[in-house]
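**Student:** just coords:
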């Protein structure tokens with residue numbers, strides 16, 4: 001069981017949207033949701049944005065995220081193995 005504590009904002013339409021990643025994949029889960037309004041002093045207005053930082057302490061921006069995705073796609077192309085290489089590795093492994 002995994003417990004998460006999140007802060008979110010309910011928009012003027014009354015809809016709460018929550019997106020979060022987990023280690024679980026392709027499995028049924030039970031989710032318990034408790035909604036508790038925050039005191040006014042703790043509520044960030046939509047004009048205020050809390051900066052987010054990457055693992056190296058640099059601020060994340062739309063540009064930095066796009067660059068990271070582009071670089072990951074480039075690396076994937078550089079290290080991709082063709083089917084014949086994979087087959088030869090399987091055959092090599094069977095010899096041992």
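**Tutor:** Perfect, I can see it now. The structure displayed is predicted, hence computed values, not measured ones.
**Student:** next one, pLDDT for residue 69 please.
**Tutor:** pLDDT for residue 69: 90.
**Student:** so what secondary structure elements neighbour the host helix or strand of it?
**Tutor:** Using DSSP states H and E, residue 69 sits within helix 62-79. With contacts taken as 3 or more CB pairs under 8 Å, 6 or more residues apart in numbering; DSSP states H and E, helix 62-79 sits against no other helix or strand. For the C-beta atoms, the positions are set from N, CA and C on the backbone; glycine is no exception.
**Student:** immediately after it, which helix or strand?
**Tutor:** The helix or strand immediately downstream of helix 62-79 is helix 83-94, counting by DSSP H and E.
**Student:** average model confidence for that next one?
**Tutor:** pLDDT averaged over helix 83-94 gives 80.
**Student:** same deal with stretch 39-48?
**Tutor:** Mean predicted confidence for stretch 39-48 is 57.
**Student:** ok so, going back, what's the helix holding residue 69 in contact with?
**Tutor:** Residues outside helix 62-79 that contact it (CB atoms under 8 Å, 6 or more residues apart in numbering) are 54, 58.
**Student:** buried residues, that helix. List them.
**Tutor:** For helix 62-79, a neighbour-count test (16 or more other CB atoms under 10 Å) marks nothing as buried.
**Student:** what strand or helix carries the most centrally placed residue in the chain?
**Tutor:** Centroid check for the chain by CA atoms, centre = their mean gives residue 21 as the closest residue, at 5.4 Å. Of the helices and strands defined by DSSP H and E, none includes residue 21.
**Student:** which pLDDT value belongs to it?
**Tutor:** On the pLDDT scale, residue 21 is placed at 79.
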